[in-house]
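# Sequence below, structure please.
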Amino acid sequence: MSVSQCAACKAIVPRHDTVHAVSDEHSDRLLCTACFNREMAKHAGIDDFDETKFEPMRLPDARGTVHEFHFRSLLLGDKLSLEAFDTTSEGQPSGYRFQMLGDPLSDQFVLLGKLIEKMRRLLAVAHVRHGGLGLQIVNETIRGRIEWDGVEHSHMPCAVVDGRRVEWDELGRMLMTFEGWQFKLEVRDPSDEI
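As a prediction, this is how the structure comes out:
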């Protein structure tokens, strides 16, 4: 598992438990989520913020593949972001990602319960399947997440659909099944359910 050292407390933590932070006092620093949340609480004037750590959990997707999800809480001023994500063997977030926003002073276990309900609903639906022409869109609807293709100096996206990376040209090939049809592209915040 890939680890990093927090610039504030010097703790060695998994890469997925870090945040790149920039402030007026500091240039880009890699902070553990605990230090990031402490700084955000101080900045937002929240004296009694208590970060809750959640154990990873395993959930199946629509094909029965079981995924292990890690959780991360990030204080974003007047909002708390609770995130769940798959990780690679190096511990980097990858595949499925889910987010729920809530009040930073509310019960974080209630927010976790809502996030898990959302995860189960979204994991139960498959948007692509393997067919004679490779990946194909199921039921005329595809949902996913836009990401960078990872190529240095590239400004090209890729997509993550059903927890798997889909290259832009592959997504285009899947859309060709519907040549002549209309479409609606709607971009939504990661915390929205689509």
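# contacting residues around the biggest helix by length in the chain?
Identified as the longest helix of the chain according to DSSP state H is helix 108-123. Applying C-beta atoms under 8 Å, 6 or more residues apart in numbering, the contact partners of helix 108-123 are 52, 54, 57, 59-62, 67, 69, 71, 73, 80, 82, 84, 96, 98-100, 102, 193. For the C-beta atoms, the positions are set from N, CA and C on the backbone; glycine is no exception.
# can we see that at 6 Å?
Residues outside helix 108-123 that contact it (C-beta atoms under 6 Å, 6 or more residues apart in numbering): 52, 59, 61, 82, 98, 100, 102.
# What subset of the residues you listed is buried?
59, 61, 82, 98, 100, 102 (16 or more other C-beta atoms under 10 Å).
# Who are the contact partners of the third one?
Meaning Leu82. Counted by C-beta under 6 Å, 6+ apart, Leu82 has contacts 73, 100, 111, 115.
# cool, Arg58 as well?
66, 68.
# And it, how far from Asp86?
Distance of Arg58 to Asp86, given as C-beta to C-beta, to the nearest Å: 11 Å.
# I'd like the next helix or strand past the one helix or strand Phe71 maps to.
In the assignment (DSSP states H and E), Phe71 maps to strand 66-76. The helix or strand immediately downstream of strand 66-76 is strand 79-87, counting by DSSP H and E.
# Following the chain onward from that following strand, which element is next?
Scanning onward from strand 79-87 (DSSP H and E), the first element met is strand 93-102.
# got the angle between that following strand and helix 108-123?
130 degrees (axes from the mean of the first three to the mean of the last three C-alpha atoms, to 10 degrees).
# how much does strand 93-102 deviate in direction from strand 79-87?
Using the same axes, to 10 degrees: strand 93-102 against strand 79-87 is 160 degrees.
# Can you give the contact residues for strand 93-102?
Counting by C-beta under 6 Å, 6+ apart, 16, 79-86, 88, 111, 114-115, 119, 163, 190-191 sit against strand 93-102.
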